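# Quick one, structure for this:
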Amino acid sequence: MHLPVNVTSTTVAPAPIRDDVLSVKKLALTWIQWITGVYTALKAVVRNVGYVNVEDHAASIAATDIETPSLPQGLYQVSYTTRVTQAASTSSSLVVTVSWTDNGVSCSQSGVALTGNTTSTQQSGFLLIQIDSGSVVRYSTTYASVGGTPMQYQLMLRLGVAP
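Numbering: from 1, shown residues only. Here you go, the predicted structure:
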């Protein structure tokens, strides 16, 4: 019986459980190949270091640190998704911005203004960023809403170490 190993949508070959582990006092080739496959799959998985989850918000968000442990210099992935959860009476707009420091230079990237003003209006984004050691990654939103009923939105953001 072979037991599959699943690692966040990366599938590794089944463990060679019927094969001998040792071959002439050395690790058998089938086990070496399997362990190498597991190691490769684990390296390809993004290690998340920070999350943001904002529900039914109806205002701009000033630049806010994504809470993380102290981060070493390196390449990171930022992904986010936002969706209107309540449409404004007349119109609305939302822009998501991510900012960071790379080699002493303040950098930022903003998504396109989200102006659909329906509860199916959504946007997602993905960034690869290089950050300085000990620096922080921040997010912010720029919000506008017109009419008696304000637009509300949700924002989910993830920061991970790039593989």
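# Can you point out the buried residues in the helix or strand that residue 37 is a member of?
Element membership of residue 37 [criterion: DSSP states H and E] is helix 29-44. Residues 30-31, 34, 37, 41 are the ones in helix 29-44 that count as buried (16 or more other C-beta atoms under 10 Å). The C-beta positions use only the backbone N, C-alpha and C, and glycine is treated the same way.
# Would you reformat those as TSV and include pLDDT?
TSV is the format used below for these (pLDDT from 0 to 100):
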residue	pLDDT
30	78
31	75
34	78
37	79
41	72
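# Extract the C-alpha trace of the helix holding residue 37 and format it as PDB.
Backbone C-alpha positions of helix 29-44 (Å, rounded to 0.1, in the frame of the first residue of the first chain) are rendered in PDB as follows:
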ATOM      1  CA  LEU A  29      18.000   4.500  -3.900                       C
ATOM      2  CA  THR A  30      14.100   4.500  -3.900                       C
ATOM      3  CA  TRP A  31      14.100   6.100  -0.400                       C
ATOM      4  CA  ILE A  32      16.700   8.700  -1.500                       C
ATOM      5  CA  GLN A  33      14.600   9.600  -4.500                       C
ATOM      6  CA  TRP A  34      11.400   9.800  -2.400                       C
ATOM      7  CA  ILE A  35      13.100  12.000   0.300                       C
ATOM      8  CA  THR A  36      14.500  14.300  -2.400                       C
ATOM      9  CA  GLY A  37      11.000  14.600  -3.900                       C
ATOM     10  CA  VAL A  38       9.500  15.500  -0.500                       C
ATOM     11  CA  TYR A  39      12.300  18.100   0.100                       C
ATOM     12  CA  THR A  40      11.700  19.600  -3.300                       C
ATOM     13  CA  ALA A  41       8.000  19.900  -2.800                       C
ATOM     14  CA  LEU A  42       8.400  21.500   0.600                       C
ATOM     15  CA  LYS A  43      10.800  24.100  -0.800                       C
ATOM     16  CA  ALA A  44       8.200  25.100  -3.400                       C
END
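# That helix - contacts with which helices or strands?
Under the contact criterion of 3 or more C-beta pairs under 8 Å, 6 or more residues apart in numbering; DSSP states H and E, helix 29-44 touches strand 5-7, strand 10-12.
# Out of these, which gets the lowest mean score?
Out of those, strand 5-7 stands lowest, with a mean of 40 (criterion: mean pLDDT).
# Centroid-nearest residue for this protein?
By C-alpha atoms, centre = their mean, the chain has its centre lying nearest to residue 158, at 3.3 Å.
# No further questions, thank you.
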